[in-house]
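*Asks:* sequence first, predicted model second:
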2 protein chains.
Amino acid sequence: MEFKVSHTDGTARTGTAMTDHGSFQTPAFMPVGTQGTVKAIEQREIVEIGAEIILSNAYHLYLRPGTDILEQAGGLHRFMSWDKPILTDSGGYQVFSLSDLRTIEEEGVQFRSHLDGSLHRFTPERVVDIQRSIGSDIVMALDECAPYPCDREYAVSSNALTLRWAERCKKRFSATIPLYSHQQALFGIVQGSVYPDIREYATKVLTDLDFEGYAIGGLAVGEPAEEMYEVVSLCAELLPNDKPRYLMGVGTPENLLEAIERGVDMFDCVLPTRNGRNAMLFTRNGSFNITNAQFKADFTPIDPECECYACRTFTRAYLRHLFQVKEILGLHLATIHNLHFYQWLMRQAREAITSESFSQWKQQILSSLRQEVPIYS
Amino acid sequence: MEFKVSHTDGTARTGTAMTDHGSFQTPAFMPVGTQGTVKAIEQREIVEIGAEIILSNAYHLYLRPGTDILEQAGGLHRFMSWDKPILTDSGGYQVFSLSDLRTIEEEGVQFRSHLDGSLHRFTPERVVDIQRSIGSDIVMALDECAPYPCDREYAVSSNALTLRWAERCKKRFSATIPLYSHQQALFGIVQGSVYPDIREYATKVLTDLDFEGYAIGGLAVGEPAEEMYEVVSLCAELLPNDKPRYLMGVGTPENLLEAIERGVDMFDCVLPTRNGRNAMLFTRNGSFNITNAQFKADFTPIDPECECYACRTFTRAYLRHLFQVKEILGLHLATIHNLHFYQWLMRQAREAITSESFSQWKQQILSSLRQEVPIYS
């Protein structure tokens, strides 16, 4: 994978990452396609809303459809008919979320499937192998995502384990080759909870191991936003300038802009898709729940300035009706709109960086995003 | 509404119906959009699969979003952003299905909403008014759909009531004008259960009232297919040649072809959409449940000859995975495919009639449709 920063604006930057499945511009927001489908949207519509890379999840794909099916299909790209870049999370986060069902050891993590209780073990090596079977363009190392709050002692030992696992991932990755006709890149993950010295140590060790990109993990797990931003600032400052930086699982439009300002290049989050399915819509002028009675006879688009299929075609009143009567099309249109909004926000951010006006633009758009939505009719 | 038969082949015929929202070719299959949305498919995709007219339901739309909202929107076409023809069922069928919640009187039917138990009354006049508010291109009269089996006495009196209601609908329709800038057409409904003489009487009375089209109602309610076909033959023979004939709520591909052969022009049915959402897919070579284990590693399209988005883009293995992991995209792709299949079947039928080879084609396609689906991999 190649990565080129084309413009900087303070610590914010914009650039392009190139994979064998094409390039994506950064800052980039990756729609989440945990199970090999971004929920409630078609593949051609993911392209239509402007996404250039999606995220999927090794843990979920390992359980279903399983690596045997993925290998027979020729990898996840072919299995799901998506020919642009894919990043896969290792599944560590999902495994560690199964708190009663897993045990962490030096070797790896043993867990019981959330589906049928069957016993499985993920080691750093196994997780690389699974992502070789998946054929994702960007492979994530196995890490332990520490909870918040997390005492210092736990953070130190958890981070040390994550670093030993990172080294084993790197070793396995170097010792194996892609199963399909495209290259894959391996990213390391910086952990260390909210402790600056642990984060600094993690960054140094990982940088010495020399990954093709670096994720900042273990954030947006309950800590105050200010603590998150401080960790992001520190990590971004310490990570190499010529490699992409990926803030995992974040977040709100505000979180994204604050992180971009601090030098982050890549994001993923279920917020636009999950909130959309819960009738919560993002607009340039504030977010709202479309089921509110105020939209009953509101025949304006969700966002009059938005160019997505939902806004070009339908009204708030119609979308409200779809949610009221529990029709699938409601989930679908809300997903299209919210993902389009996130992609629009990233495009605007890239333009603001290119024109060296990011901070001013950020202030302006944030005050717009925080508005109460006016009643139109 | 204008209707022109362009070719006949025995009693089968093909033609064009013209409305102010454009024309549709017959025989036509109308996807069912009960609540102002065809379930699990976008409006632009309804066009893409080749449908030229959809069906919606006055009872459901009357309850939600309500005629006030529809009138403020400028009618259902604008409310749901569908600019092609719409036929609305009067809702009689739905009301009569609420067997414990409704009482039938000369004046009309009183019923309790299936949503909140609130009391409502549908009269023939009210049902016309509601469909004026909806603005459907084709308005259906209020009828009573008798159950099956149904004794002769009940069938006689029920049919007599339906005919008195039809006359009142016609009178109200003639005394009112469209609310929007397009014309509407009123269809009468032939009832009479499986009794030929009652059907014949109904046809005569309705024809004397002179509707713009005629539906054959009260079928596919549990009677054997042969009885249905006999009633269809009789009604089609008695109904005027220059008006469209619509067989309500029917049916399987086989039902459609048998009815087309007997002279039916229009159909609606939830089968392709509902079965699709239950993982049952129609193909030229038989139907199957995509969740079957035999499709786990079947990397062929649902139907290799089909040109729908699902078949052009995805494999059976992927679609099976989507249903296994309960992803919305599965419902969506199955709906697109099944509706596309029904539209393909209608196109083929029209071509066969035009080339005067309908019966031979029908035999051929029916034996193909009845096949066991071969295992490809």
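*Replies:* That came through, no problem. Note that the structure is predicted; figures quoted are calculated from it, not measured.
*Asks:* the stretch 1-150 of chain A against chain B: which residues are in contact?
*Replies:* Residues of the stretch 1-150 of chain A found near chain B (CB under 8 Å from any CB of the partner chain) are A:35-37, A:39-44, A:60, A:64-65, A:68-69, A:72-73, A:79-81. Every C-beta, even on glycine, is put in place using the N, C-alpha and C of the backbone.
*Asks:* residue nearest the centroid of chain A?
*Replies:* A:Asp268 (1.4 Å; CA atoms, centre = their mean).
*Asks:* got a list of what the residue in the stretch 101-250 of chain A that chain B sits nearest to touches?
*Replies:* Closest contact between the stretch 101-250 of chain A and chain B, by CB to the nearest CB, is at A:Leu115 (9.4 Å). A:Leu115 makes contact with A:Leu63, A:Arg64, according to CB atoms under 8 Å, 6 or more residues apart in numbering or on different chains.
*Asks:* wait, a helix at it?
*Replies:* No: going by DSSP: H, G, I helix; E, B strand; the rest coil, the assignment for A:Leu115 is coil, not a helix.
*Asks:* about what we covered before: who are the contact partners of the residue nearest to the centre of chain A?
*Replies:* So A:Asp268 contacts A:Phe29, A:Met30, A:Pro31, A:Val32, A:Leu55, A:Leu87, A:Asp89, A:Tyr246, A:Met248, A:Gly249 (CB under 8 Å, 6+ apart).
*Asks:* please repeat the previous calculation with a cut-off of 10 Å.
*Replies:* With contact set as CB atoms under 10 Å, 6 or more residues apart in numbering or on different chains, A:Asp268 has these partners: A:28-33, A:53-56, A:87, A:89, A:215, A:246-251.
*Asks:* summarise which helices and strands the helix or strand bottoming out on mean pLDDT in chain A is packed against.
*Replies:* Ranked by mean pLDDT, DSSP states H and E, the weakest helix or strand in chain A is helix A:92-97, scoring a mean of 82. Using 3 or more CB pairs under 10 Å, 6 or more residues apart in numbering or on different chains; DSSP states H and E as the contact criterion, the elements in contact with helix A:92-97 are helix A:58-63, strand A:102-104, strand A:109-112, strand A:119-122, helix A:124-134, helix A:152-175.
*Asks:* out of these, nearest to B:Ile302?
*Replies:* helix A:58-63 (22.0 Å; CB to CB).
*Asks:* which positions within stretch A:101-120 qualify as buried?
*Replies:* Within stretch A:101-120, the residues that count as buried by 16 or more other CB atoms under 10 Å in any protein chain shown are A:Arg102, A:Gly108, A:Val109, A:Gln110, A:Phe111, A:Arg112, A:His120.
*Asks:* with stretch A:258-277 instead?
*Replies:* So stretch A:258-277, judged by 16+ other CB under 10 Å, has buried residues A:258-269, A:271-273, A:275-277.
*Asks:* which element follows the longest helix seen in chain A toward the C-terminus?
*Replies:* Counting residues, the longest helix in chain A under DSSP state H turns out to be helix A:328-354. In the C-terminal direction, the helix or strand that comes right after helix A:328-354 (DSSP states H and E) is helix A:358-369.
*Asks:* quick one: contacts for the residue nearest to A:His321 when sequence neighbours are not counted?
*Replies:* When the adjacent residues along the chain are set aside, A:His321 lies closest to B:Pro65, with 4.6 Å between them (CB to CB, 6 or more residues apart in numbering or on different chains). By CB under 10 Å, 6+ apart, the contact list for B:Pro65 reads A:296-297, A:317-318, A:320-322, A:324-325, B:35-36, B:72-73, B:76, B:79.
*Asks:* for the residue in the stretch 151-300 of chain A positioned nearest to chain B, the count of nearby residues, please.
*Replies:* Going by CB to the nearest CB, chain B is nearest to A:Ala297 of the stretch 151-300 of chain A, at 5.1 Å. Neighbour count of A:Ala297, defined by other CB atoms under 10 Å in any protein chain shown: 19.
*Asks:* give the helix, strand or coil label for it.
*Replies:* For A:Ala297, the assignment made with three-state DSSP gives coil.
*Asks:* how about the closest residue in space to it that isn't next to it in sequence, phi and psi?
*Replies:* Setting aside the residues directly before and after it, A:Ala297 is nearest to B:Gln72 in space (CB to CB, 6+ apart), at 5.1 Å. For B:Gln72, the backbone dihedrals are phi -60, psi -30 (criterion: degrees, to the nearest 10).
*Asks:* residue contacts, B:Gln72?
*Replies:* Taking CB under 10 Å, 6+ apart, one finds A:Lys296, A:Ala297, A:Asp298, A:Phe299, A:Ala317, A:Ser377, B:Pro65, B:Gly66, B:Arg78, B:Phe79 in contact with B:Gln72.
*Asks:* break chain A into its domains for me.
*Replies:* A:2-269, A:276-369 (automatic domain parsing).
*Asks:* next one, pLDDT for A:Asp9 please.
*Replies:* pLDDT recorded at A:Asp9 is 98.
*Asks:* wait, doesn't it sit right on A:Ile353?
*Replies:* Yes: judged on CB atoms under 10 Å, A:Asp9 makes contact with A:Ile353 at a distance of 4.5 Å.
*Asks:* between the two, which is the more surrounded one?
*Replies:* Higher neighbour count among A:Asp9 and A:Ile353: A:Ile353, with 25 against 19, using other CB under 10 Å.
*Asks:* and the gap between the more buried one and chain B?
*Replies:* Distance check for A:Ile353 against chain B: by CB to the nearest CB, to the nearest Å, it reads 34 Å.
*Asks:* correct me, but that residue touches A:His7?
*Replies:* Yes: A:Ile353 is within contact range of A:His7, at 5.5 Å (criterion: CB under 10 Å).
*Asks:* rewinding a little: where strands are concerned, which of the residues of the stretch 1-150 of chain A next to chain B count?
*Replies:* Among the residues of the stretch 1-150 of chain A next to chain B, the subset assigned to strands under DSSP state E is empty.
*Asks:* can you turn the buried part of those residues into a ChimeraX selection?
*Replies:* Those of the residues of the stretch 1-150 of chain A next to chain B that count as buried under 16+ other CB under 10 Å are selected in ChimeraX with:
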select /A:35,36,37,39,40,41,42,43,60,65,69,72,73,79,80,81
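*Asks:* the stretch 151-300 of chain A: strands as residue ranges?
*Replies:* Ranges of strands within the stretch 151-300 of chain A are A:185-190, A:213-216, A:245-247, A:266-268, A:280-281, A:288-289, based on DSSP state E, counting those that start in this stretch.
*Asks:* given the first one, what are its sheet partners and their directions?
*Replies:* It stands for strand A:185-190. strand A:138-140 (parallel), strand A:213-216 (parallel) (DSSP bridges).
*Asks:* A:Ser181: which of the ones you listed is closest?
*Replies:* strand A:138-140 (16.3 Å).
*Asks:* any idea of the mean pLDDT in the closest one?
*Replies:* Mean pLDDT, strand A:138-140: 98.
*Asks:* number of nearby residues for the residue lying closest to A:Glu307 once chain neighbours are set aside?
*Replies:* In space, and not counting its chain neighbours, A:Glu307 is closest to A:His340: 7.6 Å by CB to CB, 6+ apart. Residues lying near A:His340 (other CB under 10 Å) number 26.
*Asks:* do you know the pLDDT at A:His340?
*Replies:* What the model reports for A:His340 is a pLDDT of 98.
*Asks:* residue contacts, it?
*Replies:* Counting by CB under 10 Å, 6+ apart, A:His340 has contacts A:41, A:45, A:48-51, A:272, A:282, A:302-303, A:306-311.
*Asks:* correct me if wrong: A:Pro244 contacts A:Gly188.
*Replies:* No: A:Pro244 lies out of contact with A:Gly188 (CB under 10 Å); the separation is 11.6 Å.
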